[in-house]
Each structure stands twice: as structure tokens, then as C-alpha cells.
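The sequence isn't on hand, but the structure is:
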Ligand code: HEM
């Protein structure tokens, strides 16, 4: 009996092996060039083994086929076309969007009612419907309304940095955890209407929720590998990505807040208010929809932005000339900052844009071909070959690789905000800069994300000088198993150490002086900054564990 069972099992394994091998012949049979896949892991073995970030694996493939408009690859067992030609990217995201409506990836709404309602995971008409409902929440007019709250939180952020007692010793505080305090404070105020205290209370409800939703831990890493290897296992085994406990807490937060507003007749012009209006005016908009979209705003709003913001601060610390130039632009603004003043900071805009080019948190976009499609490359710098895509084929847009291609961005590893200024902007190749995606499916929260990042960077640079600490280990090591581009352990273990010098409250001489010193010697630790008012109290305030700032307190 045992031998018979073993034989059946072996037979099954052989058939499975044969079919899997056959799958890997897909691109070869269609004459689409590409790297040889390995069994089960395809071309992303290094990511599945948690050795290398997917964005970097894709970049390597991208670089190995310089004259091809596309490359046939396998993401695990799934066939995918890695798109290199910007013209093809334009067709996918804009011109022929109707053939590529859905994002790759599936979350079962019955198993995961919150994540399953996120526009990113919705398909076809469901996506279109919800995207239409949520778009009015992100208009310029809405951003203007919420901006005073952001400016208020920027001021609290500066106070919070100045008060960090832990940061007075050399152990420091991790960069992203600091930025997260600010982004969490914003989204908890705006998505849930809750006056949280993320700056001061380490046990704040929202800090805890954030820890539970998206922080890269072992469980999250295993899930992200499972999703790549076998996405259907999640709905088949009813594995939840967001736990029941977190789901209940999010729902309770929304319900309590809405009940409170109704009971006390309070109207606050925030995101939660727009969602509750949608519930009143649309019969198909349920309580769960309100919770899911508030939670979506919360999740999208804090994590991606805090990663992007940490990278901006890091780049500024590595590039003192850029920081100095930026500080000059910011010198004139009176706190609190206004929305209109922020929009006028063109160099700040270029700095953030360049940081998102060098360090795009979302390193690739994977779409699904929803209707058969044929593409023939016509640009002279690519081989004139064509591909016929069947429905269900994934197409990968390698954002990181494109944004690091010297064909499109001269000296791509250097941080040069000037490439996004004035006339230089016109020289940029279209569809090669995609940190927020493109077309009808592009990031819905781009305006909000950029607004909160720019405002905080403006306040930080106006109040502090950042310099790179000599212990900094470069390049930063990226977490290979995280869904976004983020250094290992946040910005902690990879060694990007920064210093912050706080401006003197008695005079304005310290910041220009500190920035001059920083320019002369970027690795210098600036222990004293204000030659007029330095006192014994001018201790170095070291922030950012490994990716670190040190702050010199203003003399009293
Ligand atoms: C720097 C910060 C951010 C970056 C780099 C970023 C990037 C992206 C990218 C690359 C996409 C996929 C676009 C595509 O498929 O073409 C996306 C989608 C999305 N983002 Fe963002 N995002 C950021 C902040 C935000 C914020 C603050 C929100 C909301 C508060 C948000 C909400 C969304 C939503 C709802 C989608 C799905 C859109 C759809 O499929 O229709 N994002 N984001």
C-alpha cells in the first residue's frame, strides 16, 4: 500500500514538474528574448530567497538587454513581460489603458474586507466606480482646506525633534520612526479625525496600529514571499493580510468618531467627513466602505510618505550644497507656512522630485493584460520586434531601473535636483519618471503625499542643518523582503548617519555657519554652531539610530 501511494505521489510530482517546465517555455516559444528561469522561482530567485530587493533584480535584467523594447521573464511561475520601451509604457498606462486596466495581485474582499476594497486591488468596473467616488477627496481645493493642519503638525514635528531626550546620547533615534510620527499624526487627524499624540506618546493607538499593519517583520516577509510564489493560497486558505483584531479596531475608531460627530453636531472638513457623506448619498456605500477607505488613506498616507521623506532628508545630508541652496529658498517663509507659499518653492519641488527619482518607494508597477494586445517597437534605439500579449499576462514597468538609466537621466547615481528645474525639465524623456505611476490608475494620493513631505522638509531645513556622519555606511542596504524600497530595519541598520544642527534662538548666525562648515567638511560632526551663544548646554543631540542625525541644541 505504502509503495503504491509513493508511486502515485511520484507520478503527480513528475507531472507537476513537467507542466511547470513547460510553462517556462512560454516566452521562448513566442520568440521573446529573456533570461533563463529557474524552476519554481522563475527569474526572481534572489528575491524569493530574501537576498535582493525585487526592484534591484528587475533592474539587473533591464540592464542586461539594452537594445530590447521588452524582455520575457517569470515572477515565480507567473509569465510577465518586463517593459523597457517608454513608448510601450505610454500605451500601457495611458493610450491603450483599456487593455491593461487591472493591477496584478489579488486580495479576496470576503477574506480581507478592508484591503480588498483598496482601489489598488479592485478590478475593472469595481475599480472605476470606487476611483470615481474617491477622486473628489484629493482635489487641490481639499488640499488647501487641510493644509493648516499639516503646517501645525510641522511645527509640532520641529518641537518633537528638539525635545528628543534619547537623542542626546550617541545611540540615537531611527530616521524613519521619526518621520513616521509626523505622517501618522497627519493621517490620524485627517482620515480618522482623531486628535492623536503620535509625537509624544509611544503607545498612541495609531502608532500601534501602524506597527500591526505594515511594519516589515518576519510574518510580513513570509507573507510577501508567499504572495509572489502562490497568490491564490491566500484566498484558498482564507489567510488574512490585515488581522481581524486590526480590522475591528479600525472599524471601532471610525464608528465611535462618526457617532460622536453626529451626537454633538460637529462638522469637520476632513476625509472622514467626505466618506460619511458618500455613505449618506450612495446606497451602495456601506459602513465597511467608510472604514476601508479611511484605513486605506491611513495606510497609504503614512508609510510611503515616511519612506520618501526619510530618503529626502538622507539625500540632503549627503549633498550639503543642495541643502544650502534649498535653505536659501526657504529663508523667507514665515511660520506657519501657507499652502500658496509652499507651492512657490520650486527648488524644494525639484529636491523632492529628484529624491523620488533616485529612491522610488514603489520600485516597480505590475499590471495585467486584460484584453489581448499586440505591440511592435518603432523607436530607432530598440530592436524592431513585436509581441502578442494574451489576457492574464503580467506586464512589469521597472520604475527603479528606468529612473536609474543613464540614457534618460545623465549621471543617474548623483543627486541633481537641477535636472527638474526650468528648461531642463523639457529635456526629460516622457514615461521614464514614474514614482506615482501614470494614467488613469496613477496614485490617487500624490497631491497629499507631496504636500506633507514638502511641508515637513521645509520646516526641518529651515530649523536645522543636516550633515552626514563619518560612521555612515554607504550605500544603504535595502530590505530585500519589503514590498517597498526601504533600508533594512527602516533607516536603522544600514548606517546612514546624519547630523542636525538646530538654529540658535538668540541669533540667526548659526544656520549659515553650520551649513558653511558642512559644505567644507561634510563628514564633520558639528558640535558647536553658534559662535556667539555657544554654552555648555550645546551638547550634540544624536538622532537617527544608524541612519542618524545629531542636533546641537540652541543656546539658551
Ligand atoms: C510619496 C508617497 C507616495 C508614493 C511614492 C505613491 C506611489 C504610488 C504608486 C506607484 C501607485 C501605483 C500607481 C499605478 O498603478 O500606476 C500608487 C497607487 C495608489 N496610491 Fe499612492 N503613493 C504615495 C502616497 C499616497 C498617499 C498619501 C495616498 C493616499 C492618502 C495614496 C493613495 C494611493 C491609492 C488609493 C492608489 C491606488 C490607485 C488606483 O489603483 O486607482 N498614495 N501610489
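Nice, thanks for sending it over. All figures in this text were calculated on a predicted structure; none of them were measured in a lab.

Please name the nearest non-neighbouring residue to residue 27.
Using Cβ to Cβ, 6 or more residues apart in numbering and skipping the chain neighbours, the partner closest in space to residue 27 is residue 72 (2.8 Å). Glycine gets a C-beta too; all of them are placed from N, C-alpha and C.

Endpoints of stretch 466-486, how far apart?
One end of stretch 466-486 to the other measures 20 Å (Cα to Cα, to the nearest Å).

circling back to that earlier point, list the buried residues of the helix or strand containing the residue nearest to residue 27.
Assigned by DSSP states H and E, residue 72 belongs to strand 70-75. Within strand 70-75, the residues scored as buried using 16 or more other Cβ atoms under 10 Å are 70-75.

Please enumerate the strands of the stretch 1-150 of the chain.
70-75, 78-83 (DSSP state E, counting those that start in this stretch).

Sorry, wrong one. I was asking about the chain.
Ranges of strands in the chain, per DSSP state E, are 70-75, 78-83, 365-368, 373-376, 386-389, 394-397, 464-468, 498-502, 540-543, 549-552.

In terms of mean pLDDT, which of those ranks lowest?
With a mean of 34, strand 540-543 has the lowest mean pLDDT of the strands of the chain.

Around the ligand, which positions in the stretch 51-200 of the chain sit nearby?
By Cβ under 6 Å from any ligand atom, the part of the stretch 51-200 of the chain that sits against the ligand consists of 103, 119-120, 131.

ok, so of these, who is nearest residue 370?
residue 103 (10.5 Å; Cβ to Cβ).

neighbours of that closest one, just the number please.
19 (other Cβ atoms under 10 Å).

Enumerate the beta-bridge partners assigned to it.
Using DSSP bridges, the beta-bridge partners of residue 103 come out as residue 367.

what about it, distance to residue 129?
Going from residue 103 to residue 129 by Cβ to Cβ, to the nearest Å gives 16 Å.

do the same with residue 401
Distance, residue 401 to residue 129, by Cβ to Cβ: 33 Å.

Residue 385 touches residue 68, doesn't it?
Yes: if you go by Cβ atoms under 8 Å, residue 385 and residue 68 touch, sitting 7.4 Å apart.

which of these two has more neighbours?
residue 68 (19 against 14).

Quick one: residues contacting the more buried one.
With contacts defined as Cβ atoms under 8 Å, 6 or more residues apart in numbering, residue 68 is in contact with 33, 84, 382-383, 385.

Now with 6 Å, please.
Counting by Cβ atoms under 6 Å, 6 or more residues apart in numbering, residue 68 touches residue 383.

so where is the stretch 351-500 of the chain shaky, pLDDT-wise?
Counting by pLDDT under 70, the stretch 351-500 of the chain shows low-confidence ranges at 467-473, 489-500.

count of neighbours near whichever residue of the stretch 451-556 of the chain sits closest to the ligand?
As assessed by Cβ to the nearest ligand atom, the ligand sits closest to residue 453 within the stretch 451-556 of the chain, at 6.2 Å. Applying other Cβ under 10 Å, we find 26 residues neighbouring residue 453.

go on, residue 284?
Neighbour count of residue 284, defined by other Cβ under 10 Å: 9.

Same check on the one 3 residues further on?
Around residue 287 sit 13 other residues, with neighbours defined as other Cβ under 10 Å.

cool, and residue 39?
Using other Cβ under 10 Å, residue 39 has 11 neighbouring residues.

And it, how close does it get to residue 24?
In this view, residue 39 and residue 24 are 8 Å apart by Cβ to Cβ.

how about the helices of the stretch 301-450 of the chain, start to end?
For the stretch 301-450 of the chain, the helices defined by DSSP state H, counting those that start in this stretch cover 320-330, 339-344, 346-358, 399-403, 422-426, 446-463.

would you turn those into JSON lines with distance to residue 279?
Output for those, formatted as JSON lines (distance: least, Cβ to Cβ, whole Å):
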{"stretch": "helix 320-330", "distance to residue 279": "41"}
{"stretch": "helix 339-344", "distance to residue 279": "28"}
{"stretch": "helix 346-358", "distance to residue 279": "34"}
{"stretch": "helix 399-403", "distance to residue 279": "35"}
{"stretch": "helix 422-426", "distance to residue 279": "42"}
{"stretch": "helix 446-463", "distance to residue 279": "21"}
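
Ok, which of those comes nearest residue 63?
Among these, helix 399-403 comes nearest to residue 63, with 7.0 Å by Cβ to Cβ.
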